[in-house]
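Colleague: With the sequence up front, the predicted model follows.
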Amino acid sequence: MKRVSPQFVVQVAVPSPLRRTFDYLPSPEHPLPQPGCRVKVSFGRQQLTGLVTGLCSESDVPAEKLRPLVAILDEEPLLDEHLLALYRWASNYYLFPLGLALQTALPKQLREGLTCTLAAPMAWQLAKTGNDGVPHKVRSDTHQQILALLASYQALTTKELSALLSKPVSTALRTLQKKGWVEAVALSAAAVTTAQLAEPPLIPDAEQAVALSVLRTTKPGFHCFLLEGITGSGKTEIYLQLIHDMLTRGKQVLVLVPEINLTPQTIDRFSRRFNARIVAFHSGLTDKQRLQGWLEARDGSAHIVIGTRSAVFTPLAKLGLIVIDEEHDDSYKQQDGFRYSARDVAIYRANMLKIPVLLGSATPSLESLHSALSGRFQLLSLTQRAGNANVPTIRMLDLKMQKTQAGISELLLAEITATLSKREQVLIFLNRRGFAPVLLCRDCGWIAHCDRCERSYTLHQHPAQLRCHHCDAQRPVPRQCPACRSPALEAMGLGTERSSGYLAEQFPDFPVLRIDRDSTRAAGKLDNMMATIHSGIPCILVGTQMLAKGHHFPRVSLVAVLDADSGLFSADFRAQENLGQLLTQVAGRAGRSDIHGQVLVQTYHPNHPALQQLIAHGYGSFARQLLQERQQGHLPPYVHFMLVRAEAGQPHLPLDFLRELAGQLLQDAPRELKLFGPMPSPFLKKAGVFRAQLVLQAPKRSTLQKLGSTLQNLLETNSLNRKVRALVDVDPIDFS
Ligand code: ADP
Ligand code: ZN
Ligand code: ZN
C-alpha cells in the first residue's frame, strides 16, 4: 500500500445534492485510501460517510482550507474500478449527483458506515475423512436426514438445511461435527459442483435449439441479444441453459426481473435447476440478509444473483452474463430521485465488461425492437408455445350489444359458468383497484375529489374510504352530498372490488380471489392466494396488472379483459404500446398447459385499428406498425427526449421558471435541438404542487448529453431557483 505523500488529495463523493466530489487531505498516520473505499469526512457541520472516487495531486481548494479525512472505513475497496466507472457513467448520463447515486444502491449498513467484513457464510458438507454415504450407526432421524441431504446437495448452509427439513438443525449439526461426520467450510470454498445440475434441462424444441446455438456460437465479447418469444414459448428455459454454460465456466450471472415477478415461484425455478448459490434481492429481506447477499455477490461466492431494478448495481467479481427478463417492463425505470433505466445501465455494464446481455420478452419495448431491427442487437425469435401448450384464441366482445353488471357482460358470465363447470380456472383482468373510480351526487353533479390533486377520489369498500390514488390522501365516505345534502350518492365505474364482489355473489360455490395492491399488502397474502391457484381447484381470479405478468397458471383456461378501451384514446404517445403489452401479457396467462385457452376482450370499439391489428396479427406485427408511426411522428426511439419538470406551490411559478430556462437554452443551442413547451403538465397539480414541463428533443442522444452540464448550470442559476423545484428525467417514460 502506498504511504501518504504530502501532495496527495483524496476525492470523495458524499451524499449531497451538489454535483461534484469534495477534496480532503489524507491523514499522515494512515495509508492512502484507494478509490472505492468508504471514508468518514466532515461536511459542513456534520460527519458523512463518503466514497473515495479518486486521488489527485492538486486541488482547486487552497491547501490550508482542506480538511483531513476523519476515518478510513475500508482497507480494501468496497467497489471495484469497474463498478465505480459504471456509477460515474450513470451519474453523468442521468444528471444525478454521484454521491447520491452511490447511496441508492448500497445496502443500508454500508451507507451508514458500518464495517462490513463478510461473516464468511459457512456451509456444511460431509467430512472428507472417508465416510461415504450415510452411516448406519447414526440413530437420530434428524442426523440421518441431514447426512442424506448433504450427500445429495454437496454443501448446504444451516438455514438451507433447516428450511429443507422444516425444523431447527443447529444442535444436530454441532453433534455431527463433534463426531466427525460433517465439517463446516467457507461457502466460497465449499465443493459446490455448479456444473452438475440438480434437475435435468428440458430438451429444446426446434426454435429453442436455433436460439441456443446462436447464443452459444457467438464469439466472446459484448453482444446484446433480444429474445422475442411469445408467452409460454420457453424463454426462461433458454435463460436457464445459458446460465448453466456460464456456471460451468466459473462465471457469475445477474438476472434482472420486474418488480412484480420476483416471487417465490421464480426463485424456486432457479433453485430447482442448479446446484448453485443463488442470492435473490427481494423486498422481504432484512437489512442483514441484504448485506450478506451483496457481500456474497461481491466476493464471487454467490453464483446467480436475481433481483429487481437496483440489483443492476450489485458488485459481482466474476460476472459473465446479464439476463433481463420482461425487458419492456416499466419498473426497470426508476421514477424518482436517481431516474435510471436498469435495462440501459445493464447494457452499458455488459459493454464495459465485454460480456453478453440477453433481453427477453413476449412484448419487447419499441426501443429494443428498433435496436434489434436496425442490427444493433441480435434478434432471436420463438413463435410457438413450448411443450403441449397452444396459443389461445382471442375474441373481441362488443359491449354495445351487451348488458353488463359490475363490468361483466352476459356472454362473459356464461363463459365463466362453462369454464368453472369444466373445473378449470378463470382470470379476470381489470387494471383499477378499489370499488369505483368516481362517487357522484345524482342530484347536483358533485364529485368527491381530492383538492390536492384535482382528481376524483376512488371509492373503496374494504375498508370503506375515499382514497386518492395519486397522493394517498384518505377520508371517510360521506353519507350525503356535501354540496346539496342529497343522500343520492352513486358509485360510478369499475374497480376490482366491485367486479370481484359481484362474481362472489354469482358464484358462491367457488373461491373468488382478488389480487391487487390492496388485497396483497399484508405479508403472506399473495403467497396464500398463489397456493390456492396452484392447487388447481376451479376458482376465479380478479386482478390488476399484478396478475398480468410472468405468472404461470396451468389451470387457467379463460382470460377476460373487462375494459380494453382506456389505452386507446390517450394523449400519451406510449399508451398504445403499453396497451398492446398489457393485453398480450394478460392473454398469455391462458392455456399454458395442455388445456385449450380462450381470451375475451370486452370493448366498445371492436373496430379500432390498433385493437384489430393486435388481435388479428399479434404483438409482433402490432409493434412493428407502431414503430413506423413513431418514425413518421418523430418520436422515440427515432429521436431522444429529456424532460425538465418544474414544481411549485403557486400555479404560475413552474411555467415562469421554464420560460426563463427555455430562453437561455435557445441562445446557443445546437441546430438539432428542439424544445416542446414549456407547458403545464397533463397532471397539473399533484399533492398540492403545481407542475409544468419542458421537453428537449434531439435525433441523437449525444446532443442532449452534451447539453447536460449547461442545463444543470441554468437550473441552478435560474432566478426562480429558490421557489421552484426542478428535476431532469433523461429518456423519460412518464410524461404525465
Ligand atoms: P416463457 O418464459 O417464454 O414464458 P417458459 O420457459 O416459462 O416460457 O416455458 C413455458 C412452459 O413450457 C413451462 O412449463 C416450461 O417448463 C415448458 N417448456 C419450456 N421449454 C420446453 C421444452 N423444450 N420442452 C417441454 N416443455 C418446455
Ligand atoms: Zn349534491
Ligand atoms: Zn390527491
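Modeller: Arrived safely. Ligands and ions are numbered 1, 2, ... in the order given.

Colleague: count of neighbours near Ala101?
Modeller: For Ala101, the tally of surrounding residues (other Cβ atoms under 10 Å) stands at 21. All C-beta spots, glycine's among them, are computed from the backbone N, C-alpha and C.

Colleague: Oh, that last question was meant for Leu494, not what I typed.
Modeller: By other Cβ under 10 Å, 21 other residues sit near Leu494.

Colleague: How about the contacts made by it?
Modeller: Residues near Leu494 by Cβ atoms under 8 Å, 6 or more residues apart in numbering: Ala406, Gly407, Leu430, Arg432, Ala436, Pro437, Leu562, Asp563.

Colleague: Most neighbours among the residues you listed, which one?
Modeller: Tallying neighbours with other Cβ under 10 Å puts Leu430 at the head of these, with 26 neighbours.

Colleague: Show me which residues of the chain sit near ligand 2.
Modeller: Residues of the chain lying close to ligand 2 (Cβ under 5 Å from the ion) are Cys441, Asp443, Cys444, Trp446, Cys481, Ala483, Cys484, Ser486.

Colleague: Go through those and name the one nearest ligand 3.
Modeller: Ranked by distance to ligand 3 (Cβ to the ion), those are led by Trp446 at 17.1 Å.

Colleague: I figured the closest one was touching Pro478, is that so?
Modeller: No - between Trp446 and Pro478 there is no contact under Cβ atoms under 8 Å: 9.6 Å.

Colleague: Against Ala616, how distant is the residue lying closest to Pro264 once chain neighbours are set aside?
Modeller: What sits nearest to Pro264 in space, not counting adjacent residues and going by Cβ to Cβ, 6 or more residues apart in numbering, is Asp527, at 6.5 Å. Applying Cβ to Cβ, to the nearest Å, the value for Asp527 to Ala616 is 38 Å.

Colleague: picking up where we left off before, now, of the residues of the chain next to ligand 2, which are buried?
Modeller: Among these, those classed as buried by neighbour count (16 or more other Cβ atoms under 10 Å) are Cys441, Trp446, Cys481.

Colleague: Turn those into JSON lines, including distance to ligand 1.
Modeller: Below are these laid out as JSON lines (distance: Cβ to the nearest ligand atom, whole Å):
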{"residue": "Cys441", "distance to ligand 1": "47"}
{"residue": "Trp446", "distance to ligand 1": "47"}
{"residue": "Cys481", "distance to ligand 1": "49"}
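
Colleague: Looking at these, which are in strands?
Modeller: Cys441 (DSSP state E).

Colleague: Pipe the buried ones among the residues of the chain next to ligand 2 into JSON lines and attach pLDDT per row.
Modeller: Formatted as JSON lines, these follow (pLDDT from 0 to 100):
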{"residue": "Cys441", "pLDDT": "96"}
{"residue": "Trp446", "pLDDT": "95"}
{"residue": "Cys481", "pLDDT": "95"}
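
Colleague: Can you tell me whether I have it right that Leu242 is in a strand?
Modeller: No - going by DSSP: H, G, I helix; E, B strand; the rest coil, the assignment for Leu242 is helix, not a strand.

Colleague: Around Gly54, how many other residues sit close by?
Modeller: Using other Cβ under 10 Å: Gly54 sits among 16 other residues.

Colleague: And Phe510, by the same measure?
Modeller: Applying other Cβ under 10 Å, we find 17 residues neighbouring Phe510.

Colleague: Roughly how far does it sit from Glu410?
Modeller: Counting by Cβ to Cβ, the gap from Phe510 to Glu410 is 19 Å.

Colleague: got it, and Ala163?
Modeller: When distance is defined by Cβ to Cβ, Ala163 is 49 Å away from Glu410.

Colleague: Check Val477 too.
Modeller: 30 Å.

Colleague: Same drill for these two, tell me which one is more crowded.
Modeller: The neighbour comparison of Val477 against Glu410 (other Cβ under 10 Å) goes to Val477, with 17 against 12.

Colleague: before we move on, the earlier item: now go through the residues of the chain next to ligand 2 and say which are in helices.
Modeller: Among these, no member is found in helices (DSSP state H).

Colleague: Need those in CSV (columns: distance to Gly536).
Modeller: What follows is the residues of the chain next to ligand 2, written out as CSV (distance: Cβ to Cβ, whole Å):
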residue, distance to Gly536
Cys441, 46
Asp443, 50
Cys444, 51
Trp446, 48
Cys481, 48
Ala483, 51
Cys484, 53
Ser486, 49
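
Colleague: Tell me the one of those nearest Pro678?
Modeller: Checking those against Pro678 by Cβ to Cβ gives Trp446 as the nearest, at 33.4 Å.

Colleague: Which strands border the helix or strand bottoming out on mean pLDDT in the chain, and is each parallel or antiparallel?
Modeller: Scoring the helices and strands of the chain by mean pLDDT, DSSP states H and E places strand 182-186 at the bottom, with a mean of 78. Strand pairing for strand 182-186, using DSSP bridges, gives strand 122-126 (antiparallel).

Colleague: Any regions of the stretch 401-550 of the chain where pLDDT drops low?
Modeller: The model of the stretch 401-550 of the chain has pLDDT under 70 over residues 550.

Colleague: where do the helices sit along it?
Modeller: Per DSSP state H, counting those that start in this stretch, the stretch 401-550 of the chain carries helices over the ranges 410-421, 496-506, 525-535.

Colleague: Residues touching the longest one, excluding its own?
Modeller: Read it as helix 410-421. 397, 402-404, 408, 425-426, 503, 506-507, 510, 538, 540, 557-558, 560, 598, 600, 602.

Colleague: Contact residues of this structure facing ligand 3?
Modeller: Looking at ligand 3, the residues of the chain close enough under Cβ under 5 Å from the ion are Cys450, Arg452, Cys453, Cys468, His470, Cys471, Ala473.

Colleague: in the longest strand belonging to the chain, what's buried?
Modeller: With secondary structure taken from DSSP E, the chain has its longest strand at strand 674-686. Residues Leu675, Gly677, Pro678, Pro680, Ser681, Leu684, Lys685, Lys686 are the ones in strand 674-686 that count as buried (16+ other Cβ under 10 Å).

Colleague: same deal with stretch 152-162?
Modeller: Tyr153, Gln154, Ala155, Leu156, Thr157, Thr158, Glu160, Leu161, Ser162.

Colleague: same question, stretch 410-418
Modeller: Neighbour-count burial for stretch 410-418, counted by 16+ other Cβ under 10 Å, picks out Leu411, Leu412, Leu413, Glu415, Ile416.

Colleague: and of those, the nearest to Arg725?
Modeller: Leu412 (46.6 Å).

Colleague: what's the spacing between Arg88 and Gly54?
Modeller: From Arg88 across to Gly54, the span is 10 Å (Cβ to Cβ).

Colleague: what's the answer for Gln103, then?
Modeller: Separation of Gln103 from Gly54 (Cβ to Cβ): 18 Å.

Colleague: What of Ser519?
Modeller: 50 Å.

Colleague: again with Glu228
Modeller: Glu228 is 42 Å from Gly54, by Cβ to Cβ.

Colleague: now the stretch 1-150 of the chain, which segments are flagged as low pLDDT?
Modeller: In the stretch 1-150 of the chain, residues with pLDDT under 70: 1-7, 117-121, 129-138.
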